[in-house]
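K.L.:
need a 3D model of the sequence below.
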Amino acid sequence: MADSRQQKTRGMGRGDLPGEGIVTALLFGASAVSVLCVAGILAFLAWFCLPLVTEGQSASVLSWTWRPASGQFGILPMAVGSLLLGSSALLLAWPLGLGLTLFAHGLGPAWPNFNPARPLMALVRLMTSVPTVVYGLASVFLLVPLVRSGFSGGSGFSWLAAALTLALLVLPTIVLVLDGQLRLVTPGLRLTAAALGLTRTQELVHLALPLCGRGLKTAAVLGFGRAVGDTLLPLMLSGNAAQVPGGPLDSLRTLTAHIALVVATDSQSAAYTSLFACGALLFGMSQAVNLGLRGLRPVQATLSAPRRLSLERLARALAWTSALAVPAGVCALLGYLLWRGLPTLGAALFFGDTPPLDALLHGAAVFDGLWPACLGTLYLVLVASCLAIPLGVASGIHLAEFATGRAGRLISSCVDLLAGVPSILMGLFGFGLILLLRHTLWPRANTCLLLSALCLALLVLPYLISATRTCLEALPRELRLTAASLGLTRWQTVSRVLLPAASRGVLGGIILAVGRAAEDTAVIMLTGVVVGAGTPGALTDKFEALPFTIYYLAAEHQSPQELDLAFGAALTLLCLTALLFALARSLRASLLNGKSRRWGNGTSAYQRTTA
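P.N.:
This next block holds a predicted model:
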């Protein structure tokens with residue numbers, strides 16, 4: 001790695017052109033944004049937590065009772081709720097993800113004309129495009145009644161309901177990480193397994209999985225981070241009682257849901273100030289658990305023949321159970337969504353009583369349709385993309401081709417930290433920024449479309465950086481050597497050779513980031529979205545958005561017609577995000593095929609990286 005970095009920093013044939021120093025400085029400046037963002041978030045948390053220490057309220061905040069009217073602002077029940085919900089979702093999703101991966105890699109049936117692994121993995125990829133709020137809406141009206149009727153007593157809004165849905169949300173991440181790791185390991189084991197006379201089950205269980213320790217830990221880390229940082233599912237399904245639950249049917253409240261609930265009603269009192277302690281605790285807790293999971297060492301044990309046989313049987317049972325249970329759960333939720341959403345599709349869903357041509361051509365106001373929310377989502381994604389794409393691509397180029405030494409490691413670490421910031425914490429950062437501006441430079445500052453777009457841009461920035469960096473670093477080394485032999489400078493090599501070669505992969509990363517921005521709800525609910533705002537006329541206006549409209553109508557609907565509107569909006573958002581994710585995957589597949597035709601086996605590293 002050090003040698004490759006040194007090669008990047010050396011001149012490419014002839015000396016750098018005079019303007020390339022400016023280009024390098026701009027690329028460095030784009031990378032420095034990640035460092036400044038992490039520093040800004042940590043500084044905001046420290047600044048707003050400071051009054052808790054100076055005014056002697058830290059003991060009240062770090063307690064077990066939340067009664068704001070009595071001056072008790074204990075956040076420890078919410079911290080326990082976050083740990084319990086995140087851990088339980090991971091304990092459900094990780095074995096199921098492992099079982100699905102094993103099923104797809106050979107523990108399923110070997111039928112001559114049909115490979116069940118293909119539709120199974122296609123379903124997993126479809127799950128990555130399902131917005132969180134869509135899972136929440138379907139679960140509120142399908143899973144919660146099942147929990148209520150299946151277990152006598154209670155409302156159904158419980159730790160169990162939230163954990164089951166959250167497990168489905170994080171499962172695709174776990175499966176894709178493990179699948180990529182097995183694709184790296186298994187090709188080199190085929191000859192060894194054949195020489196030892198091992199079955200496919202024995203090869204996977206006794207040879208491949210012991211070599212996938214890093215992938216197993218990475219899947220756990222990413223799954224837990226996704227679970228503990230989610231806001232919508234706990235907010236919609238867990239019941240939100242500020243207590244330590246006594247069992248899976250009890251209600252709980254997580255730190256993320258607590259932040260959203262309090263900000264919606266308070267921005268002045270000590271209760272609001274305690275939210276920044278929640279943010280600091282959430283950030284520190286997530287990083288601590290991630291470090292702990294990464295520090296686990298695989299246990300080396302010699303198993304007896306009966307135990308090896310039991311382990312193989314367990315692996316097969318887990319694979320079949322996962323292959324049956326997960327598609328059944330996902331198809332039930334999506335089938336229910338289609339059943340409720342398809343009848344609502346039509347012009348009235350989007351335009352209500354307003355003639356569509358008047359709304360499209362003359363800007364007529366729409367009061368009872370989704371058109372303002374669709375436009376608000378479009379404007380939000382466009383502004384966020386304009387802010388994030390140049391910075392993300394430029395930073396990815398800098399890290400892949402120019403960054404070296406301590407500065408490169410610092411920027412890489414900050415990108416990783418920024419990727420681990422929960423969306424609700426990014427929204428709280430934006431809300432706190434507005435309060436700071438009100439008391440300093442801009443007394444009339446308010447939440448708006450621009451603020452939401454800025455926070456969303458920071459949220460998706462790590463996705464863009466990682467996608468660009470991965471695509472560039474995975475290109476064949478021969479491209480750089482050819483450019484050097486032609487006397488191209490570093491920037492000429494990047495702009496004329498490497499970026500065109502990696503363009504489809506970079507574009508795929510951009511589309512994934514756009515899809516992530518289009519479906520997020522936690523950020524915008526704190527930074528400018530409201531119901532009934534209409535079409536925004538300026539960047540400083542309030543706005544509507546599809547994800548928040550779904551959440552609001554699910555929680556506050558006053559009639560069956562409003563609930564039908566929520567299901568229609570959910571189906572619309574699902575189609576939009578699925579289209580974006582399918583387009584991104586198509587572009588990446590096209591990039592792989594193009595590289596294979598041009599460079600033969602030189603793309604194996606890229607295939608392994610983006611599998």
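
K.L.:
correct me, but Met78 touches Val262?
P.N.:
No. Contact between Met78 and Val262 fails when scored by C-beta atoms under 8 Å: they sit 10.2 Å apart. In short, each C-beta sits where N, CA and C put it, glycine included.

K.L.:
those two: which has the busier surroundings?
P.N.:
Set side by side, Met78 and Val262 show unequal neighbour counts under other C-beta atoms under 10 Å, the larger going to Met78 at 27 against 19.

K.L.:
residues in contact with that one?
P.N.:
66, 242, 253-255, 257-258, 278 (C-beta atoms under 8 Å, 6 or more residues apart in numbering).

K.L.:
could you do Ala93 as well?
P.N.:
Taking C-beta under 8 Å, 6+ apart as the criterion, Ala93 is in contact with 166-168, 170-171, 174, 223, 227.

K.L.:
please identify which of the residues you listed is nearest to Phe114.
P.N.:
Sorting those by how near they are to Phe114, with C-beta to C-beta, puts Leu171 at the top with 23.7 Å.

K.L.:
any idea how far the closest one lies from Leu178?
P.N.:
In this structure, Leu171 and Leu178 are separated by 11 Å, where distance is defined by C-beta to C-beta, to the nearest Å.

K.L.:
one more: Gly352?
P.N.:
Separation of Gly352 from Leu178 (C-beta to C-beta): 46 Å.

K.L.:
in contact with Leu349, which residues?
P.N.:
Applying C-beta under 8 Å, 6+ apart to Leu349 gives the contacts 369-370, 565, 568, 572.

K.L.:
which elements pack onto the strand or helix carrying Phe44?
P.N.:
Phe44 is located in helix 20-54, with elements delineated by DSSP states H and E. Using 3 or more C-beta pairs under 8 Å, 6 or more residues apart in numbering; DSSP states H and E, the elements in contact with helix 20-54 are helix 270-294, helix 371-397, helix 405-419, helix 423-439, helix 449-473, helix 490-493.

K.L.:
can I get those helices in CSV with distance to Gly56?
P.N.:
Listed next are these as CSV, based on distance: least, C-beta to C-beta, whole Å:
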stretch, distance to Gly56
helix 270-294, 11
helix 371-397, 41
helix 405-419, 31
helix 423-439, 22
helix 449-473, 32
helix 490-493, 56
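
K.L.:
and those helices: which comes nearest Pro112?
P.N.:
With distances scored as C-beta to C-beta, the stretch of the helices and strands packed on helix 20-54 nearest to Pro112 is helix 449-473 (36.8 Å).

K.L.:
what pLDDT, on average, does the closest one get?
P.N.:
In this model, helix 449-473 carries a mean pLDDT of 91.

K.L.:
packing partners for it?
P.N.:
The helices and strands touching helix 449-473, judged by 3+ C-beta pairs under 8 Å, 6+ apart, are helix 20-54, helix 371-397, helix 405-419, helix 423-439, helix 503-519, helix 522-527, helix 604-610.

K.L.:
so which of those is the most packed in?
P.N.:
Among the helices and strands packed on helix 449-473, ranked by average contacts under mean count of other C-beta atoms under 10 Å, first place goes to helix 522-527 (a mean of 28).

K.L.:
among the contacts of Ala93, which one lies nearest to Ala315?
P.N.:
Nearest to Ala315 among the contacts of Ala93: Ile174, at 16.1 Å, using C-beta to C-beta.

K.L.:
follow-up on the earlier one: higher neighbour count, Gly352 and Leu178?
P.N.:
The neighbour comparison of Gly352 against Leu178 (other C-beta under 10 Å) goes to Leu178, with 24 against 17.

K.L.:
now the more buried one: how far from Val262?
P.N.:
When distances are taken as C-beta to C-beta, Leu178 and Val262 turn out to be 37 Å apart.

K.L.:
repeat for Val494
P.N.:
Using C-beta to C-beta, we find Val494 at a distance of 47 Å from Val262.

K.L.:
and the angle for the helix holding Phe44 with helix 449-473?
P.N.:
Per axes from the mean of the first three to the mean of the last three C-alpha atoms, to 10 degrees, the angle that helix 20-54 makes with helix 449-473 is 130 degrees.

K.L.:
low-confidence ranges, the stretch 501-611 of the chain, go.
P.N.:
Within the stretch 501-611 of the chain, the set of residues satisfying pLDDT under 70 comprises 588-611.
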